[in-house]
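Student: Show me the folded form of this:
(one chain, ligands or ions: 1)
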Amino acid sequence: MSAMKDEVLEKYNARVYKNRKEHVVTVGENNPDTVKANTRAIPGIITQRGCCFAGCKGVVLGPLKDAVIIVHGPIGCAFYTWGTRRHKAYADERDGEKAECYLEYCFSTDMQESDIVFGGEKKLKQAITEAMELFNPIAIFICSTCPIGLIGDDVQAIAKWGEEEYQIKCIGFSCEGYKGVSQSAGHHIANNQLIRYIIGTGDREPKEKYSINLLGEYNIGGDGWEVEKLLKRCGIEVVSIFTGASSYRDIKNSHLADLNLVQCHRSINYVADMMKDKYGIDWIKINFVGTEACKESLRAIGEYFEDDELKARIEAVILDEMSNVAEELVYLKNKLKGKTAALYVGGSRSHHYQNLLSEFGISTILAGYEFAHRDDYEGREVIPDIKPDADSKNIESITVEPDPKFYKVRLTEEQRTALLEKGILLNEYHGMIRDMEEGAVICDDLNHFETEEFLRILKPDIFFSGIKDKFVAQKNGMLSRQLHSYDYSGPYAGFGGAARFGKDVLMGLSTPAWSYIRAPWRNVPCLEGTLGGEK
Ligand code: CFM
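Tutor: Below you'll find the predicted structure:
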């Protein structure tokens, strides 16, 4: 084990050390590098992870604008999901079909002590009735919080009741916060219900020659809108987005698209896989963060459809987009090159933003995910080797059969081989490690203590993370930018987004304020204690 890694981890007691050492890897240390991931965080260690309910309600379902999502549980859980993630959307109309936008509302059963004692099913029915009377939505989703699972309310039965009573789509999501080990479990639960009850139920045929679904794009800060514009410019129809600025109205038609593009692999790979099995729709792992990644992604679509006219249009769009930002990118690179970064985000951005940073000559010296699985680090080929444990076994894993009406074989074997020879992987993701430099540190489920220690030792110029850890870095005199919410800036996707990101980073690095700060605990000790129960 490298000396630096040891310096951080040796402060733990033996039990914690044994656990954490497998989550921390120096790239190139082993052949191949393996990272322990998606296992229980150590109680009390101050992980940055969220819960299963957050992954289901907040992340995957949250951006669907025309569904009323009822948080079945205490009001505190509902507040956490209310406007705390920047997935933007507005009400709109498509082919005469409206999609209302309920994102600014907070729907909850507001469970009280007596409801916990006597059951909350009556209250849930009442909430559905009220939602129908006030908003008359076309879909209602019910998301369970921890106490619902503990007291045993049957949300699936109530969903069925709602569907019959009001003749709408009503779906129960048993995504109690305690399930699994992080929000990742909630992604999976949401994916399962989307394929079971929504995908494949619409009949809106695409109009353009080529159509896609954009999977794992949540329109944070408007990213999804940027990508959609870009694809439309190339003449590619976007049938639906999972789920940024998207709607129940759109995703029910997603099975009619020709191809799936996967941005965030972690949160939506189950839908991508199941759509492949059920409808024969291939997926390509793309990335629209960074100009080089954008070019590569657009070109992969051109290659997939094997159409010279489409390819020419894509090249023309790339040329035009680049002409708007090329000069600025050179300026930014001159200012930023040689800097170092640490990235710590949920389950995919730590990988995606490394491409963009390297365009500016910024190297990533530390990266990690909160809740990703081994395949997000090492590539999907390790999936058969991942040993299921008690926590992963608790999350339902469903398999689907080819749909008799809609299953289509999209490409011949020769076409698949030809794509592979061009370096375009179908239904594959090669993970983050392969794109990282030797000697860089990977840290899975980074906790508060390790964050501070690694930053102290590695001294990156900038730490990209989230609201929970950014102020610790800043109070220690280090610039930090949020990669979840973009610190209320963005969009960062697409060509213009790349330049905007570079500008924001440069602005931060050119602000000397952080170096003037001396945290109070640097002057006098504020607290005394022991770590892991040992002296
Ligand atoms: Fe996917 Fe996300 Fe992410 Fe994620 Fe998230 Fe997010 Fe994220 Mo925050 S779906 S895994 S659960 S890219 S909310 S839009 S920024 S942790 S890296």
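Student: What strand or helix carries the residue of the stretch 401-535 of the chain found nearest the ligand?
Tutor: Closest approach between the stretch 401-535 of the chain and the ligand, counting by CB to the nearest ligand atom: His484, at 3.6 Å. Placement of C-beta: from N, CA and C, glycine included. Following DSSP states H and E, one finds His484 outside all helices and strands.
Student: okay, now it: neighbour count?
Tutor: 20 (other CB atoms under 10 Å).
Student: Please apply the same query to Asp92.
Tutor: Per other CB under 10 Å, the neighbour tally for Asp92 reads 15.
Student: Just give the nearest non-adjacent residue to it, would you?
Tutor: Ala99 (5.8 Å; CB to CB, 6 or more residues apart in numbering).
Student: try Ile424
Tutor: Nearest non-adjacent residue to Ile424, counting by CB to CB, 6+ apart: Ala300, 5.0 Å away.
Student: related to what we said a few turns ago, show me what contacts the residue nearest to Asp92?
Tutor: By CB atoms under 8 Å, 6 or more residues apart in numbering, the contact list for Ala99 reads Lys65, Asp66, Ala91, Asp92, Glu93, Ser247, Tyr248, Arg249, Asp250.
Student: Could you tell me which of these belong to helices?
Tutor: When the contacts of Ala99 are checked against helices (DSSP state H), the matches are Tyr248, Arg249, Asp250.
Student: For the residue nearest to Ile424, report the pLDDT, please.
Tutor: Here the pLDDT value assigned to Ala300 is 98.
Student: now it: how far from Gly423?
Tutor: According to CB to CB, to the nearest Å, Ala300 and Gly423 sit 9 Å apart.
Student: neighbour count winner among those two?
Tutor: Ala300 (21 against 9).
Student: Can you tell me the element the more buried one falls in?
Tutor: helix 291-305.
Student: Ok, Leu214 next?
Tutor: Assigned by DSSP H and E, Leu214 belongs to strand 211-217.
Student: Same check on Ile241?
Tutor: In the assignment (DSSP H and E), Ile241 maps to strand 237-243.
Student: which phi and psi does Thr47 have?
Tutor: With angles defined as degrees, to the nearest 10, Thr47 sits at phi -70, psi 160.
Student: which residues touch the nearest residue to it once chain neighbours are set aside?
Tutor: Distance criterion CB to CB, 6+ apart; nearest residue to Thr47, sequence neighbours excluded, is Ala41 at 3.9 Å. Listed by CB under 8 Å, 6+ apart, the contact set of Ala41 reads Thr47, Arg49, Val181, Ser182, Asp445, Asn447.
Student: my read is the third one is in a helix, agree?
Tutor: Put plainly, it is Val181. No: read with DSSP: H, G, I helix; E, B strand; the rest coil, Val181 is coil and lies in no helix.
Student: Would you mind measuring from the closest residue to Leu506 other than its chain neighbours to Val262?
Tutor: Nearest residue to Leu506, sequence neighbours excluded (CB to CB, 6+ apart): Lys335, at 5.4 Å. The gap separating Lys335 from Val262 is 33 Å, by CB to CB.
Student: Identify the spatial nearest neighbour of whichever residue of the chain sits closest to the ligand, chain neighbours not counted.
Tutor: Residue nearest to the ligand within the chain: Gly346 (2.2 Å; CB to the nearest ligand atom). Nearest residue to Gly346, sequence neighbours excluded (CB to CB, 6+ apart): Glu370, at 4.8 Å.
Student: Just the pLDDT for that neighbour.
Tutor: 98.
Student: Looks like it contacts Asp445 (just checking).
Tutor: Yes: applying CB atoms under 8 Å, one finds Glu370 in contact with Asp445, separated by 6.3 Å.
Student: List the residues that are in contact with both of those two.
Tutor: Shared contacts of Glu370 and Asp445 (CB under 8 Å, 6+ apart): Thr47, Gln48, Arg49.
Student: among the residues you listed, who's most crowded?
Tutor: When neighbours are counted by other CB under 10 Å, Gln48 leads the shared contacts of Glu370 and Asp445 with 22 neighbours.
Student: Provide a list of residues in contact with that residue.
Tutor: Gln48 touches Tyr344, Glu370, Asp445, Leu446, Asn447, His448, Ser465, Gly466, Lys468, Asp469, counting by CB under 8 Å, 6+ apart.
Student: now with 7 Å?
Tutor: Residues in contact with Gln48 (CB atoms under 7 Å, 6 or more residues apart in numbering) are Glu370, Leu446, Gly466, Lys468, Asp469.
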